[in-house]
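# return a 3D structure for these sequence lines:
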Amino acid sequence: MATFTSFEYVHNDFLDEFDVSSRDGAFEYTQIAQDRVIEQDFVDVHLSGDVVRGRKLKDLRLSSDRTLNKLSTKVQKTGLPEGSLYATHCELLNRLSKKILTQLQGTGVLPSNAQSIVFIDHHDHAPVGHPGDASQAPDLLAIYNNPDKKYLVKKSKSQYHEFPYTQVISIVENKTEKTIPQGRPQITLYLSQHMAARPDMPGLYGLTVNPKHYQILWADASGITASPQLQWSNLTPLASYIRSLYHPPARHHLFDPAISSPIITREAMPNNKKKVVTVVTWTIKHDGVEYVGCKLIFIGTIFGRRTTVFTFHRSDNDRFAVFKSYYKDTARRFDETRIINHIHADGVVPGVVRLLPDTDTEHEEGTDETRNTGETIETARPASEKVLHRVKKQVAMGSTGEEFSEAKSVKDLLMAVYDAVEVHRTLVNERHVLHRDISFHNVMMYPRHRETVRSSGKQIMKNPAKFIDDVLEVANDENDKSRSLLIDFDNSATLHEPESENKENKELAHRTGTPRYIARSVRAGEVLERDFATFTPMPKLQGDVLELYKKVYSAETYDKYQDQPGITHGGTVIDESEELEMPPFHHRPDHDVESMYWVLFKTLLLAYPDAPYAEPTPKFDSAWAAIRDHTISSVYDTRIPILSHGVHTIEQILHPRLSSLAPLLVSLGRQVKPEYAYLSPSPPADHLHEAFRRILLQHIVNMDDPIPLRPGWSRDDRSRRPIEGIIGGPVFVKRRAEDMTEEEATEAEKRHAKKMKTRPYGQLDGPSGQTRESCVTTDSRH
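Model (predicted):
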């Protein structure tokens, strides 16, 4: 698993149509989901009442509390600026909190030394420690105990700043009568933002207040639900909200015992000591063992599977572990741990992620929180037509690798893709497993395993795939010779005949994948239109490459996939009159191979060769926008034109140093473009794997130049254009904040702009780069 320097919210679940990690997404999510957000019985279902642990609590006598009544009256005044009421709301909530703590302690629900919950004003500053450097600032924060005075704003007695996310347990948004409609959308944004920063919080309460009413919200992996608008004349629900922070009702989990003890450090950026970032590490508990100092490297869709990935590495040896937690839809049969165990059951499959040896066989159904914490962590709402019920799972893995953007050369990249296709082919043919979410984050290169196959006491599967090192006779002492690593099997399913009506086959009819890389037919949830019924023949190898293929894979294998007169990829095009008899849509193996194409295309599109700078062309901008901005909900698939581009156009899209790869991408694209459902009989399950094997092998063998790349660099990062160096001569700037001081970079920009008679790079045209996959985390799930 690669370590990311930034975090992404990867939109990876069809059941979540909106990315609420952005302000616009939060507003859209709330407005579209209006009918399913409000629960009329919210107070009874999602808040703690006056009976806790079977004990009837003493009446708080809220109506007779004069101070509370005065504060309640004050917050209902209209015409006041928003900022004038922060202190009043804090005073009201803190008075309620104190009464409730006394109530719970007096009844024995909480011990006498229980921490108090305090609400503070933090409206001018975002909390610190967010993995994506989120800048939004909730008005009030709920924390444990009185805050340290070091967080006080200078010359202020009640306003705080730079308070860490790791100490915040709830958030409050205040609105005036003119901005009431913005209250719930804005608190939705803050809730998703907070959940990204707190992987240890399965759920989170929020509160929005205004002069007319208040509203309470609950957020967890199944989404957000809210109470009706509640009147200030009735403070009982507000008291129940605070009581829930002290002692939440059943199935409302505020903390995950398996993720705990955050450690916060402040570190200066390299070569720019003025820029300081907050780094948070966590303790992960798994199978009774605590792993201290785990780093969060990936955050997925907040309202969905909510995948989070941590890495653990001991500095005194090379032992490492990767921990992945996610919230599984209980209605879905397949479980990632079960799938991986099935894959490796009859011998380790090279190129597939491995579970830690002490946890990979005993629990066939996967690791849920019952094993780690003694309780099952689940989402609060029961399953319905509009709500998915989810249960938290945790997987511990002993495999890791790097993303394709870390490739040291184009040849390394193509060899990794070659092996990834072979690994996927093995899963389809030998293990009857379909991955169904091939994406940039789920296919890795330069793999490392915590233990070799020999040291783990296991055996490699019989007749493993022949990988590129086998073909080229490259020395490789590893049992696992794959140059790639497939991970993230929580969308995988087992393969069965399309005609069967069992539950497994119905699973294949579901659309799943990552928007940028999902196959076109899977995106649409149906067979593509007749326009895609034109087919390109199976590629033929030439010369020494053909002989090499036959030597490694056999002449019989080569001939098995060769086209015959009138037959392409094993079938003929059906007549239009027969289309009604076509089987319904289901996820096929060639769909995953198409996703592999989009991963390769995107990687080469953004690849930064070790060569002079070349300004991205308008055709580059257009192609990148087509992939970057592609969504599932849009009417038209913006990526389709790419498959019709010729060699000349692809050359203009790529960096000039990579123009020799244009024929390769065109050849692969022509194999991917057709809709193979129009062939009868259906092609072999691995027909597209075979086409990719041949095209990639021909290109790899013929490569005289490996084409060195700059790992981690991206052509979309316009800050990498050359500027005049401080010492003299053009230099490349990786990131201005890291490689130069602010003053040095600004002066260098001015000199270069004057010399070249062009604009500073900050004013360049083109995409801003603020996308789901590049602005936060997304990947990087990932």
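# roughly how far does the residue nearest to N94 when sequence neighbours are not counted sit from P147?
Using C-beta to C-beta, 6 or more residues apart in numbering and skipping residues adjacent in sequence, the residue nearest N94 is F119, 5.5 Å away. Glycine gets a C-beta too; all of them are placed from N, C-alpha and C. Separation of F119 from P147 (C-beta to C-beta, to the nearest Å): 10 Å.
# contact partners for the residue nearest to N94?
With contacts defined as C-beta atoms under 8 Å, 6 or more residues apart in numbering, the neighbours of F119 are H89, C90, L93, N94, S97, L140, L141, A142, I143, V172.
# redo that, cut-off 6 Å
Counting by C-beta atoms under 6 Å, 6 or more residues apart in numbering, F119 touches C90, L93, N94, L140, A142.
# my hunch is that it is in a strand, does that hold up?
Yes. Counting by DSSP: H, G, I helix; E, B strand; the rest coil, F119 is found in a strand.
# in the stretch 401-550 of the chain, which spans are helices?
410-429, 468-472, 503-508, 520-524, 543-553 (DSSP state H, counting those that start in this stretch).
# now the ones you listed as TSV including mean neighbour count and mean pLDDT?
What follows is the helices of the stretch 401-550 of the chain, written out as TSV (neighbours: other C-beta atoms under 10 Å; pLDDT from 0 to 100):
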stretch	mean neighbour count	mean pLDDT
helix 410-429	24	98
helix 468-472	19	95
helix 503-508	16	58
helix 520-524	20	94
helix 543-553	15	96
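# which one of those helices lies nearest to S714?
Smallest distance to S714 across the helices of the stretch 401-550 of the chain (C-beta to C-beta): 14.1 Å, for helix 410-429.
# export that closest one to PDB, keeping only CA atoms.
Only the C-alpha atoms of helix 410-429 are listed here, as PDB (Å, rounded to 0.1, in the frame of the first residue of the first chain):
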ATOM      1  CA  VAL A 410       7.600   3.000 -18.400                       C
ATOM      2  CA  LYS A 411       9.000  -0.500 -18.900                       C
ATOM      3  CA  ASP A 412       8.500  -1.200 -15.200                       C
ATOM      4  CA  LEU A 413       4.900   0.000 -15.500                       C
ATOM      5  CA  LEU A 414       4.100  -2.100 -18.500                       C
ATOM      6  CA  MET A 415       5.600  -5.200 -16.900                       C
ATOM      7  CA  ALA A 416       3.500  -4.600 -13.800                       C
ATOM      8  CA  VAL A 417       0.400  -4.200 -16.000                       C
ATOM      9  CA  TYR A 418       1.300  -7.400 -17.800                       C
ATOM     10  CA  ASP A 419       1.500  -9.300 -14.600                       C
ATOM     11  CA  ALA A 420      -1.700  -7.700 -13.200                       C
ATOM     12  CA  VAL A 421      -3.600  -9.000 -16.200                       C
ATOM     13  CA  GLU A 422      -2.100 -12.500 -15.700                       C
ATOM     14  CA  VAL A 423      -3.000 -12.400 -11.900                       C
ATOM     15  CA  HIS A 424      -6.600 -11.400 -12.800                       C
ATOM     16  CA  ARG A 425      -6.700 -14.200 -15.400                       C
ATOM     17  CA  THR A 426      -5.700 -16.700 -12.800                       C
ATOM     18  CA  LEU A 427      -8.400 -15.600 -10.500                       C
ATOM     19  CA  VAL A 428     -11.000 -16.000 -13.200                       C
ATOM     20  CA  ASN A 429      -9.900 -19.300 -14.600                       C
END
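# packing partners for that helix?
When contacts are defined as 3 or more C-beta pairs under 6 Å, 6 or more residues apart in numbering; DSSP states H and E, helix 410-429 sits against helix 468-472, strand 484-486, helix 687-702.
# mind checking which helix or strand of this structure has the lowest mean pLDDT?
Least confident helix or strand of the chain, by mean pLDDT, DSSP states H and E, is strand 9-10 with a mean of 29.
# could I get the full set of helices for the stretch 51-200 of the chain?
Going by DSSP H, counting those that start in this stretch, the stretch 51-200 of the chain shows helices at 66-75, 86-106, 183-197.
# please apply the same query to the stretch 651-782 of the chain.
Under DSSP H, counting those that start in this stretch, the stretch 651-782 of the chain gives helices at 662-672, 687-702, 736-739, 742-756.
# least reliable of the ones you listed by average pLDDT, please.
Ranked by mean pLDDT, the helices of the stretch 651-782 of the chain bottom out at helix 736-739, which scores a mean of 33.
# verify the stated contact: W218 with S48.
No. If you go by C-beta atoms under 6 Å, W218 and S48 don't touch, sitting 12.0 Å apart.
# give me the more crowded residue out of these two.
The residue with more neighbours, out of W218 and S48, is W218; 28 against 23, by other C-beta atoms under 10 Å.
# the more buried one in helix, strand or coil?
Put simply, W218 is strand when judged by three-state DSSP.
# buried set for the biggest strand by length in the chain?
Using DSSP state E to define each element, the chain has its longest strand at strand 272-286. Buried residues in strand 272-286, counted by 16 or more other C-beta atoms under 10 Å: N272, T278, V280, T281, W282, T283, I284, K285, H286.
# again, but for stretch 674-694
Buried-residue list, stretch 674-694, by 16+ other C-beta under 10 Å: 674-679, 683-694.
# and stretch 531-543, by the same measure?
Across stretch 531-543, burial judged by 16+ other C-beta under 10 Å covers F532, A533, F535, M538, P539, L541.
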